[in-house]
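Novice: test case, fold it:
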Amino acid sequence: MTTGAASALVLDFGGVISKTLFETHDLTEAALGLTSGTLTWKGPFAPETDPLWQAMQRDEITERGYWLARTRETGHLLGEEWEEMETFVKRARGADPAAVIRPEALTTIHKVKEAGFRLAILSNELDLFYGSEFRTRLDFMPLFDVIVDATYTGILKPDIRAYRAVTDALGLAMADCVFVDDQKRNVDGGMDAGMRTVHFDVRNPSRSYAEALAHFGLSLN
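Specialist: Numbering: from 1, shown residues only. You can find the predicted model right below:
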């Protein structure tokens with residue numbers, strides 16, 4: 001078991017730093033002019049009511065496949081053909097990107113940075129889903145020392161090369177890094193690579209961030 005303080009916090013973006021689209025149906029419906037309650041898919045918040053989410057969890061479809069299906073469905077509600085997740089996110093979240101960022105994420109990011117530790121993002125689809133300009137509208141993004149985005153590398157978690165890319169960029173060993181992701185397959189990949197890991201619970205962000213901060217001898221409060 002790894003002991004002692006870690007040196008870097010490596011975060012997934014969607015679901016970990018930003019709230020999931022499941023949590024912000026009200027904002028999405030308002031932005032798109034849809035009647036409240038139109039969007040009913042809830043993923044991890046009610047998996048028994050979301051067969052498509054269950055199929056993704058069984059690896060029958062990819063995470064990208066899940067979101068492409070939801071993108072097309074939502075576009076059809078507006079009588080439009082949406083073929084890219086970026087279209088969905090821009091329309092749903094473009095007005096106020098900061099509104100969908102988890103406050104616990106901001107607290108954690110600032111605490112880790114102020115304590116002198118390193119910060120990184122390891123995402124499968126940061127710019128693919130959010131668009132390259134999204135991150136420029138978030139004032140905390142420059143705090144990250146490294147951003148590895150499979151939008152450009154083409155190497156998706158849980159491929160071990162994705163984890164190596166971020167540790168190589170940080171100049172650190174796997175065991176020096178705490179990796180946080182909301183998808184178990186990606187957490188398992190980080191664990192297999194030799195990282196310390198936290199399986200982020202989107203239903204209890206505070207507990208997950210507290211667990212991550214404990215690796216640095218820090219607390220959320």
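
Novice: the helices in the protein, which residues?
Specialist: Assigned by DSSP state H, the chain shows helices spanning 25-32, 51-57, 63-77, 85-93, 103-114, 126-130, 150-153, 160-170, 184-193, 205-214.

Novice: so which of the ones you listed is the most packed in?
Specialist: Stretch with highest mean neighbour count among the helices of the chain: helix 126-130 (a mean of 22; mean count of other C-beta atoms under 10 Å). Bear in mind the C-beta positions are built from the backbone N, C-alpha and C, glycine included.

Novice: pretty sure residue 108 contacts residue 208?
Specialist: No - in this structure residue 108 lies outside contact range of residue 208 using C-beta atoms under 8 Å: 9.5 Å.

Novice: would you check how far apart residue 23 and residue 111 are?
Specialist: 23 Å (C-beta to C-beta, to the nearest Å).

Novice: now residue 212
Specialist: 10 Å.

Novice: and for residue 95?
Specialist: Distance from residue 95 to residue 111, by C-beta to C-beta: 29 Å.

Novice: how about residue 181?
Specialist: Using C-beta to C-beta, residue 181 is found at 19 Å from residue 111.

Novice: give me the pLDDT for the most far-flung residue of the chain relative to its centre.
Specialist: Relative to the C-alpha centroid of the chain, counting by C-alpha atoms, centre = their mean, residue 79 is the outermost residue, at 28.9 Å. pLDDT for residue 79: 98.

Novice: over to residue 2?
Specialist: At residue 2, pLDDT is 59.

Novice: swap in residue 96?
Specialist: According to the model, residue 96 scores 83 on pLDDT.

Novice: gap between it and residue 36?
Specialist: 18 Å.

Novice: for residue 136, same thing?
Specialist: As judged by C-beta to C-beta, residue 136 and residue 36 stand 31 Å apart.

Novice: likewise for residue 173?
Specialist: 49 Å.

Novice: between those two, who's got more neighbours?
Specialist: Between residue 173 and residue 36, counting by other C-beta atoms under 10 Å, residue 173 is the more crowded of the two (13 against 9).

Novice: which residue is the nearest non-sequential neighbour of that one?
Specialist: Closest residue to residue 173 apart from its sequence neighbours, by C-beta to C-beta, 6 or more residues apart in numbering: residue 167 at 6.8 Å.

Novice: residue 53 now?
Specialist: Spatial nearest neighbour of residue 53, chain neighbours left out: residue 43 (4.5 Å); criterion: C-beta to C-beta, 6+ apart.

Novice: pLDDT weak spots in the chain?
Specialist: 1-3 (pLDDT under 70).

Novice: could you chop the chain up by domain?
Specialist: Per automatic domain parsing, the structural domains of the chain span 8-18+101-214, 25-96.

Novice: so which of the ones you listed is nearest residue 221?
Specialist: Minimum separation from residue 221 across the domains of the chain (C-beta to C-beta) falls at domain 8-18+101-214, 8.3 Å.

Novice: can you get me the start-to-end distance on that closest one?
Specialist: Using C-alpha to C-alpha, to the nearest Å, the span of domain 8-18+101-214 from its first residue to its last is 12 Å.

Novice: coming back round to it: need the helices of the chain in TSV with distance to residue 10, can you?
Specialist: What follows is the helices of the chain, written out as TSV (distance: least, C-beta to C-beta, whole Å):
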stretch	distance to residue 10
helix 25-32	28
helix 51-57	23
helix 63-77	18
helix 85-93	22
helix 103-114	11
helix 126-130	13
helix 150-153	14
helix 160-170	6
helix 184-193	8
helix 205-214	10
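
Novice: with that, I have no additional questions.
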